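Asks: Give the three-dimensional model of this entry:
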Amino acid sequence: MVAHVAMAFASVIKCDIEKFVGRMNFGLWQTQVKDVLIQYGLHKVLKGKPFDMKEEEWEELDLRAVSAIRLCLAKNVLANVQKISTTKELWERLEGLYQAKGISNWLLLKEKFHNLRMSDDMKVSDHLSNLNEIVCELEAIRVKVEEEDISLRLIWSLPSSYKLIKLVLMYGKETLSFDEIASKILCEERRMKSNENMTTNSIMVVRSGTHGNKNHKMNVVCWQCGKPGHVRKYSRGGDTSQKNDSDSTKSVSLIMGDNDLL
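Replies: I've put the predicted structure just below:
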């Protein structure tokens, strides 16, 4: 009966997850695989064979679960566990290989947690993902991280551009809710982005207006020299009286025979 239910789920549910290559977060990958097994009705196999299940039915269920997990492994990882035939043994073997629980890994994750910083050009959603990934890895090796500590680390890791919201979040509150803080920071990011867009649009309008004024000036015609694009003080034609004096001098010179002026 269980096998038929699992087959029915498999026919309607398609779960695409990234294959585990040995370098990604094992805890997150493990959670995704558990979800796949739950959707297929195979998750109970991880705990071992129940006493009230027939041997033939159990073998079928266990075989399907092993197959589902193997399909989520990259070839280089599969090579290390290809001889394992039961789900429980395969699961424990993967945990032993890739979920390091030693003191060195614990210290490394603690260091990553306390040194986490958000850069100015990073999205808040990406930063939240990095923080939650570290917390997930710590909890996978049985290290409990309190919500208040996670909330404070999120606030302290924000860049200087969020200094106003940091003050608002840290003072005047008796408790720190991670979800509430994350929501406010996301709202602050949208507000800052909106202000940047408004500033950019204002600059474009000012530049457009300046350009329009220049075009308007190009339509002005100087009343003195008759040329477009300037007024009298910018006239390249010079002063009319000086031009007339020069013409008069030339005429007198020609009459007197002074050719040096020609």
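Asks: Burial check on the closest residue to Leu73 other than its chain neighbours, number of neighbours?
Replies: Nearest residue to Leu73, sequence neighbours excluded (Cβ to Cβ, 6 or more residues apart in numbering): Phe20, at 5.4 Å. The C-beta positions use only the backbone N, C-alpha and C, and glycine is treated the same way. When counting by other Cβ atoms under 10 Å, one arrives at 23 neighbours for Phe20.
Asks: Ok, Gly27 next?
Replies: Neighbour tally, Gly27, other Cβ under 10 Å: 19.
Asks: Cys187 now?
Replies: 12.
Asks: for Arg64, same thing?
Replies: For Arg64, the neighbour count with other Cβ under 10 Å is 20.
Asks: gap between it and Thr87?
Replies: Separation of Arg64 from Thr87 (Cβ to Cβ, to the nearest Å): 9 Å.
Asks: Next: Thr175.
Replies: Here Thr175 is placed at a distance of 42 Å from Thr87 (Cβ to Cβ).
Asks: Please say which of the two ends up with more neighbours.
Replies: Neighbours were counted for Thr175 and for Thr87 using other Cβ under 10 Å; Thr87 has more, 26 against 8.
Asks: Spell out which residues sit in contact with the more buried one, please.
Replies: Listed by Cβ atoms under 8 Å, 6 or more residues apart in numbering, the contact partners of Thr87 are 42, 45-46, 62, 65-66, 69.
Asks: go again using 6 Å as the cut-off
Replies: For Thr87, the contacting residues are 45, 62, 65-66, by Cβ atoms under 6 Å, 6 or more residues apart in numbering.
Asks: Leaving out sequence neighbours, find the closest residue to Val66.
Replies: Per Cβ to Cβ, 6+ apart, closest to Val66 is Thr87, 5.1 Å.
Asks: pLDDT weak spots in this structure?
Replies: Residues of the chain meeting the criterion pLDDT under 70: 1-15, 100-102, 172, 200-221, 223-224, 226, 229-262.
Asks: Can you report how many residues neighbour the residue nearest to Phe178 when sequence neighbours are not counted?
Replies: In space, and not counting its chain neighbours, Phe178 is closest to Ser151: 4.7 Å by Cβ to Cβ, 6+ apart. For Ser151, the number of neighbouring residues by other Cβ under 10 Å comes to 21.
Asks: swap in Glu139?
Replies: By other Cβ under 10 Å, 12 other residues sit near Glu139.
Asks: ok, and the closest non-adjacent residue to it?
Replies: Nearest residue to Glu139 in three dimensions, chain neighbours excluded: Val145, at 6.8 Å (Cβ to Cβ, 6+ apart).
Asks: Please work out which residues outside stretch 175-188 touch it.
Replies: By Cβ under 6 Å, 6+ apart, the list of residues contacting stretch 175-188 reads 124, 128, 147-148, 150-151, 154, 165, 169.
Asks: Keeping just the C-alphas, turn stretch 159-174 into PDB.
Replies: The C-alpha coordinates for stretch 159-174 follow below in PDB (Å, rounded to 0.1, in the frame of the first residue of the first chain):
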ATOM      1  CA  PRO A 159      26.800  48.900   6.400                       C
ATOM      2  CA  SER A 160      27.000  52.600   7.400                       C
ATOM      3  CA  SER A 161      24.300  53.500   4.900                       C
ATOM      4  CA  TYR A 162      21.800  51.800   7.300                       C
ATOM      5  CA  LYS A 163      23.000  53.700  10.400                       C
ATOM      6  CA  LEU A 164      19.600  55.400  11.000                       C
ATOM      7  CA  ILE A 165      17.600  52.200  10.900                       C
ATOM      8  CA  LYS A 166      20.300  50.500  13.100                       C
ATOM      9  CA  LEU A 167      19.600  53.000  15.900                       C
ATOM     10  CA  VAL A 168      15.900  52.600  15.500                       C
ATOM     11  CA  LEU A 169      16.100  48.800  15.800                       C
ATOM     12  CA  MET A 170      18.600  48.600  18.600                       C
ATOM     13  CA  TYR A 171      17.100  51.100  21.100                       C
ATOM     14  CA  GLY A 172      13.700  51.300  22.700                       C
ATOM     15  CA  LYS A 173      12.900  47.600  22.400                       C
ATOM     16  CA  GLU A 174      12.600  45.000  25.100                       C
END
